[in-house]
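Engineer: here is the input, now give the coordinates:
(one chain, ligands or ions: 1)
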Amino acid sequence: MEFKKEFLDKLRCADKIVFFTGAGISAESGISTFRGADGLWSKLKPEELANFDAFLRNPDMVWEWYQYRRKIINESQPNAGHKAIADMQSAFESVIVSTQNIDNLHRRAGSKTVYELHGNIERNYCLNCGKKFDSKDFSYTGKAPLCDCGGRIRPDIVWFGEFLPEDEFAASEKAAADCDIMFVVGTSAVVYPAAQIPLVARSAGAYVVEVNMEETDLSRRANYSILGKSGEILPIIANMASQIRNKEVK
Ligand SMILES: [Zn+2]
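Structural biologist: Next comes the predicted model:
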């Protein structure tokens, strides 16, 4: 695979890099977006389950859906793309991940700084007292779990119609404004406000590299668009970074 010289020069000199990732990178681990998925939940759209009104109306059903998703996610593994991102931590001064994915795969791959714009399926909290629960903290009995205080526990996921977590978003914007290269991976980056992140990087002078299966709306705004599987492209980039920077990438 041949890369643009301009990109290689940036890769050689960069100190801080940011990966902004979306569903595409998880799809390569077999995690679907549950749109048009077959099986049990095929008749319901994610919008109909992943919203607060649905949860209040039918918490047991929403929990059952999340348990199903957790099972799929727990059985999935981070892929070569996730691992390459984590590996690059040893080649650059700073590698930050800002993700729209809720599957925890970046952390499982070893990435240390991960900002989760849409929450994390492994975390939950009580609607009443705010107490946090790890998904392993309670055994699921087919019913939506309750906190000791009697409040309902919900997944710590940003549902349709909800705001993104302010601190994670602010941290992502700051990282974007401060980085030398921003990689946008597996996302068309069209859903606002998250879509702002690559644009913040671009207007702050970062070199924006898109890694997607096909052209997106971002392609014409990125400095460089590399089309193909992130699980194939990112390991090559990690390798290249290691060579031209003369630093070992594990
Ligand atoms: Zn509580």
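Engineer: now find how far off-centre stretch 159-179 is within its chain.
Structural biologist: Remark: stretch 159-179 is offset 12 Å from the chain centroid, using Cα atoms, centre = their mean, to the nearest Å.
Engineer: what's the straight distance from one end of stretch 178-187 to the other?
Structural biologist: Chord length of stretch 178-187, first to last residue, is 21 Å (Cα to Cα, to the nearest Å).
Engineer: buried sites along it?
Structural biologist: By neighbour count on 16 or more other Cβ atoms under 10 Å, the buried set for stretch 178-187 is 178-187. Every residue, glycine included, has its C-beta placed from N, CA and C.
Engineer: again with stretch 196-216
Structural biologist: Buried residues in stretch 196-216 (16+ other Cβ under 10 Å): 197-202, 206-212, 216.
Engineer: also stretch 214-226?
Structural biologist: Neighbour-count burial for stretch 214-226 flags 216, 218, 222-226 (criterion: 16+ other Cβ under 10 Å).
Engineer: mind listing what's buried in the lowest-mean-pLDDT helix or strand in the chain?
Structural biologist: Using mean pLDDT, DSSP states H and E, helix 46-49 stands out as the lowest-scoring helix or strand of the chain, at a mean of 82. Within helix 46-49, the residues scored as buried using 16+ other Cβ under 10 Å are 46, 49.
Engineer: who are the packing partners of that helix?
Structural biologist: The contact analysis (3 or more Cβ pairs under 8 Å, 6 or more residues apart in numbering; DSSP states H and E) places helix 46-49 against helix 59-75.
Engineer: need the pLDDT of residue 43.
Structural biologist: pLDDT recorded at residue 43 is 69.
Engineer: pLDDT below threshold where in the chain?
Structural biologist: For the chain, residues meeting the criterion pLDDT under 70 lie at 34-41, 43, 247-250.
Engineer: please redo it, this time with the cut-off set to 80
Structural biologist: Applying pLDDT under 80 to the chain flags the ranges 32-45, 138-139, 189-192, 246-250.
Engineer: tell me which strands the longest strand seen in it pairs with, and in which orientation.
Structural biologist: Longest strand in the chain by number of residues, with DSSP state E as the criterion: strand 119-126. Applying DSSP bridges to the sheet, strand 119-126 is found paired with strand 132-134 (antiparallel), strand 153-157 (antiparallel).
Engineer: does the shortest one reach the ion?
Structural biologist: If I follow you right, that is strand 132-134. No: judged by Cβ under 5 Å from the ion, strand 132-134 stays clear of the ion, getting no closer than 9.2 Å.
Engineer: what's the answer for the longest one, then?
Structural biologist: No: no part of strand 153-157 sits near the ion under the criterion Cβ under 5 Å from the ion; the closest distance found is 7.6 Å.
Engineer: can you point out the buried residues in that strand?
Structural biologist: So, applying 16+ other Cβ under 10 Å, buried residues of strand 153-157: 153-157.
Engineer: by contact count, what packs against the helix or strand following that strand?
Structural biologist: Along the chain past strand 153-157, the next helix or strand (assigned with DSSP states H and E) turns out to be helix 166-178. Contact partners of helix 166-178 among helices and strands, from 3+ Cβ pairs under 8 Å, 6+ apart: strand 16-21, strand 94-99, strand 114-116, helix 196-203.
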